[in-house]
Structures are given as C-alpha cells and as structure tokens.
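Visitor: Sequence and predicted structure are below.
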Amino acid sequence: MNSYNEKVMDHFKNPRNVGSMDDADGIGEVGNISCGDIMRIYIKVDGEERIADIKFQTFGCGAAIATSSMVTEMAKGKTLDEALVMNNKDVATSLEGLPPVKMHCSNLAADALHAAIKNYREQKLGHKDMSDAAEAHTH
C-alpha cells in the first residue's frame with residue numbers, strides 16, 4: 001500500500017459512510033471480476049431530489065474502499081443530477097490521485113453511485129408509468 005497517498009490511506013483506514021440502509025430509496029451494485037471488487041451504494045433521497053443520506057459496502061482492495069468512501073462524501077447533499085455528472089476523474093482528483101493500475105476502482109465507485117440513482121428513478125417512476133408517459137407523449 002506504499003503507492004497510495006495520505007488521503008487515500010485515510011479513506012481506506014477510516015472509511016466514511018460504511019454500512020447498509022434498510023430503507024434505501026435506491027441501491028446500486030457493480031463489480032469487477034478481474035480484480036474482485038464489488039461495490040454497493042445505498043441512497044436516501046429527500047423531497048428536493050437531494051442525496052440526504054448515503055452508505056456503502058465494498059468488498060475489495062484498499063483503493064476500492066477509499067474510492068467508495070470518497071464518492072459517498074462527494075455525493076452527500078448533492079442533487080441527483082449533480083451526482084450523475086460525477087465521474088471517475090472527479091473521484092480520483094478528490095483523493096489527490098490513484099496509482100494508474102487502480103483507476104478502475106474510481107470507475108466502479110462512480111458507476112455504483114449512478115446505478116443507485118438509476119434504481120431510485122426506476123422505482124419512483126415505475127416501468128409501466130414510464131411507458132404510459134412515452135405513449136401519451138407520442139399521441
């Protein structure tokens with residue numbers, strides 16, 4: 001773990017927002033078989049479509065844990081649309097850099113967040129409601 005900077009090590013040793021959420025509004029899970037990292041992000045969304053609470057569970061390397069921790073800190077309090085534009089470079093920059101071989105971890109963290117938001121929106125709108133709205137719009 002010598003190739004990691006202090007900020008990455010801090011988020012690895014003292015991860016923020018760890019845990020699950022029984023009443024989550026959205027859950028996103030992504031995994032990468034090649035490196036063995038699995039990330040799950042839970043979000044609670046308020047009435048203004050802001051991320052009011054966020055938790056994560058990660059099975060993986062130190063960089064995977066650190067990027068999961070950082071993405072939860074970055075997303076908390078943001079609107080869903082603001083959180084959707086966050087990407088792997090934003091996560092890596094907030095951690096003051098990652099070794100090139102670990103950049104895929106920042107992709108996973110951002111992807112898990114985006115998956116949680118997608119899951120929330122799908123549940124909120126419902127697949128049937130979305131098709132009805134599209135059909136009504138075309139007529």
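Guide: Looks like it came in fine.

Visitor: Tell me the spacing between Q57 and D90.
Guide: Here Q57 is placed at a distance of 21 Å from D90 (C-beta to C-beta, to the nearest Å). In this view, the C-beta of every residue, glycine as well, is placed from N, C-alpha and C.

Visitor: Same check on F12?
Guide: In this structure, F12 lies at 19 Å from D90, with C-beta to C-beta as the measure.

Visitor: With neighbour numbers in mind, choose between these two.
Guide: The residue with more neighbours, out of F12 and D90, is F12; 20 against 15, by other C-beta atoms under 10 Å.

Visitor: Identify the residues contacting the more buried one.
Guide: Each residue near F12 by C-beta atoms under 8 Å, 6 or more residues apart in numbering is listed here: 1, 4, 62-63, 65-66, 69.

Visitor: any idea which element it lies in?
Guide: Element membership for F12, per DSSP states H and E: helix 6-13.

Visitor: Just the C-alpha atoms of the helix or strand following that helix, please, in PDB.
Guide: Later in the chain than helix 6-13, the nearest helix or strand by DSSP H and E is strand 26-32. Once non-C-alpha atoms are left out, strand 26-32 reads as follows in PDB (Å, rounded to 0.1, in the frame of the first residue of the first chain):
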ATOM      1  CA  GLY A  26     -32.000   3.400  -4.400                       C
ATOM      2  CA  ILE A  27     -29.400   0.700  -4.400                       C
ATOM      3  CA  GLY A  28     -26.600   0.400  -6.900                       C
ATOM      4  CA  GLU A  29     -24.300  -2.600  -7.200                       C
ATOM      5  CA  VAL A  30     -21.300  -3.000  -9.500                       C
ATOM      6  CA  GLY A  31     -18.500  -5.500  -9.600                       C
ATOM      7  CA  ASN A  32     -15.300  -6.200 -11.500                       C
END
